[in-house]
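# Quick check, what structure comes out for this input:
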Amino acid sequence: MSNKVLLTGISGWIAKHTAIELLKSGYEVLGTVRDNNLIDQTKKTLSKYASIDKLSFIELDLLRDDGWKEAAAGCKYIMHIASPFPMKVSNNRELLLPVAVDGTLRVLNAGLNAGVEQIIKTSSIVAMFRKPNRSNPYTFGENDWTDENWIEGVNDYFLSKTKAEKAAWELMEKKGLKNKLTTICPGGVFGDALDVKGGTSIEYIRQFMAGKFPGAPKFAVLISDVKDIAKAHVKCIGNRKVGGRRLIVGKEVKKLVELSQLIAEAMPAYSKKLPKKELPNFMVKLISYLDSSAKMMIPDLGILMQTDPTYAEELLGFKFKPAKDCISENAKSVVRLGMV
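Numbering: from 1, shown residues only. Below you'll find the model as predicted:
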């Protein structure tokens, strides 16, 4: 069997960075797209950073069985990265579950039936830290799970990530193959945008730099560099120590107002547009009625999270980037690509 990797959702931001890391490391990559129209732009972006001689594409739908068996055949590894992350919050908490949960099981079953050696799934710390009655500050780690029954605090995105990861572990444990699975759990993902089809986190940086925020919500998050996340996926390959583990990838927890300061340091020309103060919590709640993207933050307003990802650095064999470098690269790439 060749060193072939089935990489789902290759047109997405994290997946593109992961594809670059894989191609540079000599792996053959079969990337899935939900629409063939995404192939040319993805190929164009990837070719700037790595040789695409070992890159191929296939159009597959996470909601349909068609083609997954054939795609997984001949692959040694699967990296399941595809997952919805909308800017807006839906009132329907279960809206994203078919793609997230059923899609995950579809990909994993195809891989297991094809006899793949290892599956690496992209999850998130949102599957770990959201639960009612937390202390402040509060600490979470690899063994913590978001409380999916907390209706007010767990929205459609948080629910989809939690249920999808739980479903993956339950399937692997049921088959006695838990050590074949590793999940990568980043926080807020920042870093080089690559192209204008960036992720939701990039949109927040863009809006900050465009002067859309009069102040920063009192919200803090673990800062994860997109290149560290990509590297973490690839470093898992053949690494027996990471089997059955949930790896938190990120370096430092920062408040949004601190991110604003880091952007100002990196790009002084934009400092006047960047928020300097924090918004009162009631104001963010009012804004959330007009802009549902603000709803994502409300349960964590004014609460400081804490986690220790050094165990993941040790298992993966490299140190994660500090927030300053990550945010600087993000801001510079947004300007370079003409997004502000």
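# Report the secondary structure element holding residue 116.
Assigned by DSSP states H and E, residue 116 belongs to neither a helix nor a strand.
# Where does pLDDT dip in the protein?
1, 87, 198 (pLDDT under 70).
# Any buried residues in the longest helix belonging to the chain, and which?
For the chain, the longest helix by residue count, based on DSSP state H, is helix 156-174. Of all the residues in helix 156-174, those buried under the rule 16 or more other C-beta atoms under 10 Å are 156-169, 171-172. Backbone N, C-alpha and C define where each C-beta goes, glycine included.
# Show me what that helix is in contact with.
83-86, 89-90, 92-97, 99-101, 103-105, 108-109, 119, 121, 123-124, 126-127, 130, 145-146, 148, 154, 178, 180-181, 183, 246, 296 (C-beta atoms under 8 Å, 6 or more residues apart in numbering).
# Give the other helices and strands that the next helix or strand after it contacts.
Per DSSP H and E, helix 156-174 leads on to strand 181-186 as the next helix or strand towards the C-terminus. Using 3 or more C-beta pairs under 8 Å, 6 or more residues apart in numbering; DSSP states H and E as the contact criterion, the neighbours of strand 181-186 among helices and strands are strand 118-122, helix 156-174, helix 226-236, strand 246-249.
# ok, and what's touching strand 181-186?
14, 108, 118-125, 127-128, 165, 168-169, 172, 222, 224, 229, 232-233, 236, 242-250.
# Drop anything exposed from these.
For the contacts of strand 181-186, a burial check counting by 16+ other C-beta under 10 Å picks out 14, 108, 118-125, 127-128, 165, 168-169, 172, 222, 224, 229, 232-233, 236, 242, 245-250.
# picking that back up, minimum distance to residue 65: which of the helices and strands packed on strand 181-186 has it?
helix 156-174 (15.6 Å; C-beta to C-beta).
# count of residues packed around residue 144?
Residues within reach of residue 144, counting by other C-beta atoms under 10 Å, total 17.
# Give me the distance between the spatially closest residue to it that is not a sequence neighbour and residue 307.
Closest residue in space to residue 144, ignoring its immediate chain neighbours: residue 128 at 4.7 Å, by C-beta to C-beta, 6 or more residues apart in numbering. Counting by C-beta to C-beta, to the nearest Å, the separation of residue 128 from residue 307 is 8 Å.
# can you list residues touching both of these two?
The contact lists of residue 128 and residue 307 share 140-141, 248, where a contact means C-beta under 8 Å, 6+ apart.
# I'd like the residues you listed laid out as CSV, including distance to residue 208.
Below are the shared contacts of residue 128 and residue 307 laid out as CSV (distance: C-beta to C-beta, whole Å):
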residue, distance to residue 208
140, 26
141, 30
248, 25
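# List just the nearest of those to residue 193.
residue 248 (23.3 Å).
# Enumerate every residue touching that closest one.
Contacts here follow C-beta under 8 Å, 6+ apart; on that basis residue 248 touches 125, 128, 141-142, 185-187, 222, 307, 309, 311-312.
# try 6 Å
Residues near residue 248 by C-beta atoms under 6 Å, 6 or more residues apart in numbering: 185, 307, 309, 312.
# got it, and residue 265?
Taking C-beta under 6 Å, 6+ apart, one finds nothing in contact with residue 265.
# before we move on, what about residue 120?
Residues in contact with residue 120 (C-beta under 6 Å, 6+ apart) are 79, 182, 233, 236.
# Residue 303: which of the helices and strands packed on strand 181-186 is closest?
Distance to residue 303, taken as C-beta to C-beta, is lowest for helix 156-174 among the helices and strands packed on strand 181-186, at 14.8 Å.
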